[in-house]
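>>> Make a model of this:
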Amino acid sequence: MKLTYLIGASHDMYRGRFPYRGRHLSFGTHSFIYDLVRVGSRLGHDWTIVLDEPELFPLSAALRHPARVVKTSAWSPEGTDGAIAEYWASDESLSSLPARTPLIAVVHNSDHCFSSFKQDRANAVLCMSPTSLVKQRRTFDPEKLFLSIQGVDLDRFSPTRTVARRDGARPRVLVASRIDDNKQDAVRQVVDRLVERAIDLTVLGDGAGFWDLSDRLGHRLTLINHIPCHSIHRFLPQFDLVVSSARGVMEAFACGLPALCVGLDYGGAVTPDRLDELLERNLTGHASGRNLDQLDEDLTAALAVAGSDCRRIAEERFDATRVVEQLVAVFDRVRPINAAMPSPADTSVLDGVDGS
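Residues are numbered from 1 along each chain as shown. Okay, the predicted model is just below:
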């Protein structure tokens with residue numbers, strides 16, 4: 001199947017860096033796109049990635065092997081069997097799609113409100129958490145919505161790279177998270193507690209809170225501000241426990257590593273009996289009810305989860321192959337319905353719309 005991923009570049013996350021003196025920030029969305037395209041390519045699908053400014057997107061070069069990366073102004077939608085659109089893709093770029101081409105909108109942030117044009121044009125909407133599914137019913141036709149927990153490339157993230165801890169050595173703990181706006185308070189509080197524990201602590205992540213951690217605790221931990229998402233799979237296996245949110249937890253589990261959840265809030269140990277509860281809000285820790293006074297208990301509970309159980313959960317719940325198969329199934333279902341529609345896209349709906 002010939003698939004097109006319309007990304008755009010109207011948000012700084014797709015430029016690979018924020019205006020912090022040129023320092024990089026990492027986003028789970030980058031890794032989602034990278035893994036989805038790579039896995040889809042292995043399954044035999046032909047991908048085109050459409051960007052307003054390919055030279056500014058941090059994964060343009062990395063994605064040119066499994067896909068074609070083209071500038072929005074040079075893109076021709078003819079021959080596309082199915083299109084996937086990010087929130088930041090412009091209404092104008094979507095309006096060039098033939099009406100018969102199925103379109104799936106992707107919701108990463110449950111609070112995003114899509115333009116009226118996208119609401120009408122999208123044949124289906126991929127939501128990554130039950131909470132997102134509920135919130136998007138406020139704007140989209142509920143029949144268009146479907147749930148798909150974001151997947152990871154299980155070939156790329158694998159226990160085969162895991163480096164065993166030496167007998168008697170302290171647990172190697174990685175905190176992997178952005179340290180910015182809506183995450184820095186929770187991350188900073190967790191790091192402040194962890195640095196007092198008998199562990200070997202590494203913190204990976206950039207943002208406004210990076211230099212505060214460096215100034216206060218840089219001499220007591222290993223602090224790294226950026227590792228590209230397409231090489232992070234080579235870094236994770238050096239640890240015994242990962243403290244992260246959303247994709248960070250999923251990638252850890254795929255490597256056979258247990259995890260603590262911290263993102264918007266502290267979520268505690270990601271154990272089999274708490275997984276569904278934490279997935280309700282996409283493993284962000286939001287409104288989890290856990291507090292940092294339970295950290296020692298949570299560390300013990302997380303480290304007790306066997307690596308084989310982590311990997312099994314990843315294979316059952318976090319496989320990007322399943323996401324690709326869901327997308328293709330939706331395209332196959334929608335295409336016959338759209339085939340009866342006129343070929344030229346009706347751009348009149350753009351009148352008065354300024355895009356997203």
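>>> C-alpha only now, for contacts and for neighbours.
Noted.
>>> Which helix or strand contains Thr131?
For Thr131, the enclosing helix or strand under DSSP states H and E is helix 130-136.
>>> just Val173 next, same as before
strand 172-176.
>>> Quick one: list the elements packing against that strand.
strand 200-204, strand 241-244 (3 or more CA pairs under 8 Å, 6 or more residues apart in numbering; DSSP states H and E).
>>> how many degrees apart are it and strand 200-204 in direction?
20 degrees (axes from the mean of the first three to the mean of the last three CA atoms, to 10 degrees).
>>> With mean neighbour count and distance to Pro130 added, can I get the helices and strands packed on strand 172-176 in JSON lines?
What follows is the helices and strands packed on strand 172-176, written out as JSON lines (neighbours: other CA atoms under 10 Å; distance: least, CA to CA, whole Å):
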{"stretch": "strand 200-204", "mean neighbour count": "20", "distance to Pro130": "28"}
{"stretch": "strand 241-244", "mean neighbour count": "27", "distance to Pro130": "20"}
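>>> right, so of the ones you listed, which gets closest to Val134?
Closest approach to Val134 among the helices and strands packed on strand 172-176 is made by strand 241-244 (24.4 Å; CA to CA).
>>> Give me the contact list for that closest one.
171-177, 236, 248-249, 252, 257-263, 302-303 (CA atoms under 8 Å, 6 or more residues apart in numbering).
>>> Next, the contact list for Val262, please.
Val262 makes contacts with 186-187, 190, 243-245, 268, 284-285, as judged by CA under 8 Å, 6+ apart.
>>> so what are the domain limits for this structure?
Following automatic domain parsing, the chain resolves into domains at 2-151+319-348, 159-316.
>>> Now the helix or strand bottoming out on mean pLDDT in the chain: buried residues?
Across the helices and strands of the chain, mean confidence by mean pLDDT, DSSP states H and E is lowest for helix 60-63: a mean of 89. Across helix 60-63, burial judged by 16 or more other CA atoms under 10 Å covers 60, 63.
>>> could you pull out the strands for this structure?
2-6, 46-51, 67-71, 82-85, 103-107, 124-127, 145-147, 172-176, 200-204, 222-224, 241-244, 259-262, 266-269 (DSSP state E).
>>> Any chance of JSON lines for the ones you listed, columns distance to Arg322?
Listed next are these as JSON lines, based on distance: least, CA to CA, whole Å:
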{"stretch": "strand 2-6", "distance to Arg322": "16"}
{"stretch": "strand 46-51", "distance to Arg322": "17"}
{"stretch": "strand 67-71", "distance to Arg322": "20"}
{"stretch": "strand 82-85", "distance to Arg322": "16"}
{"stretch": "strand 103-107", "distance to Arg322": "16"}
{"stretch": "strand 124-127", "distance to Arg322": "13"}
{"stretch": "strand 145-147", "distance to Arg322": "12"}
{"stretch": "strand 172-176", "distance to Arg322": "25"}
{"stretch": "strand 200-204", "distance to Arg322": "29"}
{"stretch": "strand 222-224", "distance to Arg322": "33"}
{"stretch": "strand 241-244", "distance to Arg322": "23"}
{"stretch": "strand 259-262", "distance to Arg322": "23"}
{"stretch": "strand 266-269", "distance to Arg322": "25"}
